[in-house]
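J.: sequence and predicted model, in that order:
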Amino acid sequence: MTVTFSLMVSPSPIEFREPDSATNTETRLISDVLAKDRKATAEFVSRCTDWIYPFVRRRLVPRTELVEDLMQEILLAAWQALPGFRAEADLRSWVLGIARHKLEDYYRKRIREYELAEESDPEVDLAVMPILEQQIDSAAQQEQVQKTLSALPEPYALVLLWRYRDEKSAREMAELTGKTEKAIERLLARARENFRRRWKNA
């Protein structure tokens, strides 16, 4: 398992709802966890693991070996932030908000570290873009998409996931990574072309 997240960030978005039995159950669970009840703590970890694992695994292609480590980091961050949890919030959304921020930290670091070689950019058929969006979002083809992404260099896979799964613009990615918008656009162009080539040959 992996432990990630050096930054403690306030999770978002948080869903608000009227108090109900589920909310009361979560409130009791958290109260017991904070009181260091072992059974409640085991239940909390089990629930969080069920929520975090598929969320993180889908977003860590091709570095799926990091899933366990990152899960540990997210669990630690959630545990440390638990005293600030508000009863009107949905626990699952709150935990996944922390996971989302941790993943964003990882994406930002890995893409920031990547240096593009000075070479001519590939000619990318713009028709690939909507097809790529459909492929990445298609449940029916998810296995093939994951396999194709796994075969890409990590920065290519991450920038595509950031663009098409999380719908971040090149400008947003540039601001988050400290790179220029042009550098991100070049990285995206190469990533799209690499994905398209591997997809056609699959």
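T.: Perfect, I can see it now.

J.: now the helices for this protein?
T.: Assigned by DSSP state H, the chain shows helices spanning 21-34, 38-59, 67-81, 91-113, 128-137, 142-150, 154-160, 170-177, 181-201.

J.: how does the protein divide into domains?
T.: Taking automatic domain parsing as the domain assignment, the ranges for the chain are 21-108, 128-201.

J.: averaged pLDDT, the last one. What do you get?
T.: pLDDT averaged over domain 128-201 equals 82, rounded to a whole number.

J.: likewise for the first one?
T.: Across domain 21-108, pLDDT averages out at 89.

J.: that older thread, mind putting the helices of the chain into CSV with mean neighbour count?
T.: Heads up, the C-betas are built off the backbone N, CA and C, glycines and all. Formatted as CSV, the helices of the chain follow (neighbours: other Cβ atoms under 10 Å):
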stretch, mean neighbour count
helix 21-34, 14
helix 38-59, 16
helix 67-81, 20
helix 91-113, 20
helix 128-137, 14
helix 142-150, 17
helix 154-160, 23
helix 170-177, 18
helix 181-201, 17
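
J.: mind checking how far residue 48 is from residue 27?
T.: 16 Å (Cβ to Cβ, to the nearest Å).

J.: cool, and residue 51?
T.: 18 Å.

J.: and residue 63, by the same measure?
T.: Counting by Cβ to Cβ, the gap from residue 63 to residue 27 is 36 Å.

J.: next one: residue 81
T.: With Cβ to Cβ as the criterion, residue 81 and residue 27 are 16 Å apart.

J.: distance of residue 182 relative to residue 148?
T.: Taking Cβ to Cβ as the measure, residue 182 falls 26 Å from residue 148.

J.: same deal with residue 71?
T.: Distance from residue 71 to residue 148, counting by Cβ to Cβ: 24 Å.

J.: ok, residue 85 next?
T.: The value you get for residue 85 to residue 148, if Cβ to Cβ is used, is 38 Å.

J.: same check on residue 30?
T.: 40 Å.

J.: got the contact list for the closest residue to residue 179 other than its chain neighbours?
T.: Sequence neighbours aside, residue 112 is the residue nearest to residue 179 in space, at 6.7 Å (criterion: Cβ to Cβ, 6 or more residues apart in numbering). Residue 112 makes contact with 177-179 under the criterion Cβ atoms under 8 Å, 6 or more residues apart in numbering.

J.: adding distance to residue 67, write these out as TSV.
T.: Listed next are the contacts of residue 112 as TSV, based on distance: Cβ to Cβ, whole Å:
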residue	distance to residue 67
177	22
178	26
179	26
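
J.: now, which of those sits nearest residue 76?
T.: Set against residue 76, the nearest of the contacts of residue 112 by Cβ to Cβ is residue 177 (24.8 Å).

J.: wait, isn't that closest one in contact with residue 108?
T.: Yes - using Cβ atoms under 8 Å, residue 177 is in contact with residue 108, at 5.4 Å.

J.: what's the separation between residue 83 and residue 92?
T.: Distance, residue 83 to residue 92, using Cβ to Cβ: 18 Å.

J.: repeat that for residue 58.
T.: Distance from residue 58 to residue 92, by Cβ to Cβ: 16 Å.
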